[in-house]
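Novice: sequence plus predicted model, see below.
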Amino acid sequence: MDYDKLLSHRPLLTADLAAHGVEIPVYRQFLEHQTSDNMWAEVHLSLEDYRRINVPALTFTGWYDTTLPGSIANYRAMRGLAASADDQWIIVGPWDHSGASEGGYSRDTGQPIDRIGALAVESRGHKPGQRMAREFFDWCLKGTARRPAWPSVQMFVPGQNRWIEAERLPSPLVKSRKLFLGGSGRANAISSKGLLEAGPGQSALDEYTHDPANPVRSDLPANGRRVQAGVYSGRLTSLTNWRAQTSLLMPHRLSRLPSLFWEMPGSRSMFRLTCRTLT
C-alpha cells in the first residue's frame with residue numbers, strides 16, 4: 001500500500017475506498033460524528049451501567065497504547081462501582097497496543113519486545129501476559145483454578161526499571177505536581193535537551209510546524225513489511241504530531257512517565273504541564 005499517496009488523499013470520507021476499494025460504514029460513521037454527540041452518548045457507560053457489572057476483568061494496557069486513557073478510566077469505574085469491584089485487575093507496562101495483551105512479548109516469536117520505535121524497553125518491563133490470561137480464565141470461566149492473588153494494580157515506572165503495586169488508582173504513591181517545559185531550544189527529538197522545571201523560566205523557543213499535508217510518520221517492520229505506526233521515531237514525539245519534550249531530563253526521583261496532561265495558555269512560547277510523578 002502506498003501510504004504517502006493515501007495520507008494525502010482527500011476527502012477523508014472516501015479514504016476507505018482509496019485504501020480498500022470498498023466503503024467501510026463504521027469508518028464513515030466516526031467521521032460524520034466528530035463531536036461528543038448523541039451517537040457517542042449511546043455507547044458510553046453510565047454510572048448505573050457500571051453498578052450492574054458483575055463479571056471480573058483483567059486489563060492489559062501500555063504507556064504507549066492509544067487505549068491507555070480509556071483502559072484506566074474503565075478500570076477505575078469498575079473498581080469503584082461494579083458489583084465485581086474486588087475482582088478487577090489492571091497491568092500498565094512500557095508497551096504499545098500490539099504487545100500489551102502479551103505483557104510486552106511478541107505474538108509471532110514469543111520473544112520480549114525490546115524496543116517501541118526508538119525507545120528501548122527496560123529489562124524488567126515485561127509480564128507473562130499469556131500465562132496470566134490463562135490463570136484468569138481458568139478461574140473465572142472454567143472454575144478449575146484459584147482466584148489470582150495479584151495486586152489489583154501493577155504499573156511499570158519508565159526510567160526506574162521497576163513495577164509499583166497498589167489496590168486502587170490513583171495509587172497513594174502518586175502525587176500531582178505542576179511542572180513547566182523548558183530547555184535550550186532542542187526539545188524535539190529522542191536525544192533532546194528538554195527539561196521539566198519547577199517554575200517558568202527564560203528557556204529558548206523551540207518551534208514545530210504542523211503541516212497536515214506532510215504528516216509525521218513512523219514506519220516499522222512487521223511480518224516482513226513496513227507498516228505505519230503511531231510511535232516514536234527520530235521526528236515523531238506524540239500521536240498528535242506535537243514535537244516537544246520526548247526525552248525529559250528529570251530531577252532525582254522523578255520518572256519519565258509518558259502520560260502527561262497538557263494545558264496550553266495563549267502564548268506560543270509558554271507551556272504548562274501537569275504530570276503525575278512518584279515520590
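Specialist: Arrived safely, thanks for sending.

Novice: what about the stretch 1-150 of the chain, any weak spots by pLDDT?
Specialist: Scanning the stretch 1-150 of the chain for pLDDT under 70 picks out no residues.

Novice: quick one: the helices in it?
Specialist: All helices of the stretch 1-150 of the chain, identified by DSSP state H, counting those that start in this stretch, fall at 3-7, 15-20, 25-32, 38-41, 47-51, 68-81, 97-100, 129-137.

Novice: got the contact list for stretch 34-50?
Specialist: Outside of stretch 34-50, the residues within contact range by CB atoms under 8 Å, 6 or more residues apart in numbering are 29, 33, 74, 77, 78, 80, 81, 82. For the C-beta atoms, the positions are set from N, CA and C on the backbone; glycine is no exception.

Novice: go ahead and confirm the fifth one touches residue 56.
Specialist: I take that to be residue 78. No. The pair residue 78 and residue 56 does not pass the contact test of CB atoms under 8 Å, sitting 9.4 Å apart.

Novice: what's the farthest-apart pair in the contacts of stretch 34-50?
Specialist: Of all pairs drawn from the contacts of stretch 34-50, the one with the largest separation by CB to CB is 29 and 80; the distance is 31.1 Å.

Novice: the two: which has the busier surroundings?
Specialist: Between residue 29 and residue 80, residue 80 has the larger neighbour count (other CB atoms under 10 Å), namely 14 against 10.

Novice: wait, what's in contact with the more buried one?
Specialist: Residues touching residue 80, when contacts are defined by CB under 8 Å, 6+ apart, comprise residue 50.

Novice: and it, how far is that from residue 175?
Specialist: 20 Å (CB to CB, to the nearest Å).

Novice: so how far is residue 77 from residue 132?
Specialist: Per CB to CB, residue 132 is found 22 Å from residue 77.

Novice: I meant residue 38, not that one.
Specialist: 21 Å.

Novice: the more surrounded of these two?
Specialist: It is residue 77, of residue 38 and residue 77, that has more neighbours when counted by other CB under 10 Å, with 19 against 7.

Novice: what about the residue nearest to the more buried one when sequence neighbours are not counted, how many neighbours?
Specialist: With CB to CB, 6 or more residues apart in numbering as the measure, residue 50 is the residue that lies nearest to residue 77, at 4.7 Å, once sequence neighbours are left out. Residue 50: 18 surrounding residues under other CB under 10 Å.

Novice: strands of this structure, start to end?
Specialist: According to DSSP state E, the chain carries its strands in the segments 57-64, 88-96, 115-116, 119-120, 153-157, 162-166, 174-183, 194-197, 219-222, 225-228, 248-249, 260-263, 272-278.

Novice: the fifth one - contacts with which helices or strands?
Specialist: The contact analysis (3 or more CB pairs under 8 Å, 6 or more residues apart in numbering; DSSP states H and E) places strand 153-157 against strand 88-96, strand 162-166.

Novice: please repeat the previous calculation with a cut-off of 10 Å.
Specialist: Other elements packing on strand 153-157 under the criterion 3 or more CB pairs under 10 Å, 6 or more residues apart in numbering; DSSP states H and E are strand 57-64, helix 68-81, strand 88-96, strand 162-166, strand 272-278.

Novice: could you do the third one as well?
Specialist: Other elements packing on strand 115-116 under the criterion 3+ CB pairs under 10 Å, 6+ apart are strand 57-64, strand 88-96.

Novice: name every strand pairing with the last one and say which way it goes.
Specialist: This points to strand 88-96. Taking DSSP bridges as the criterion, strand 88-96 pairs within the sheet with strand 57-64 (parallel), strand 153-157 (parallel).
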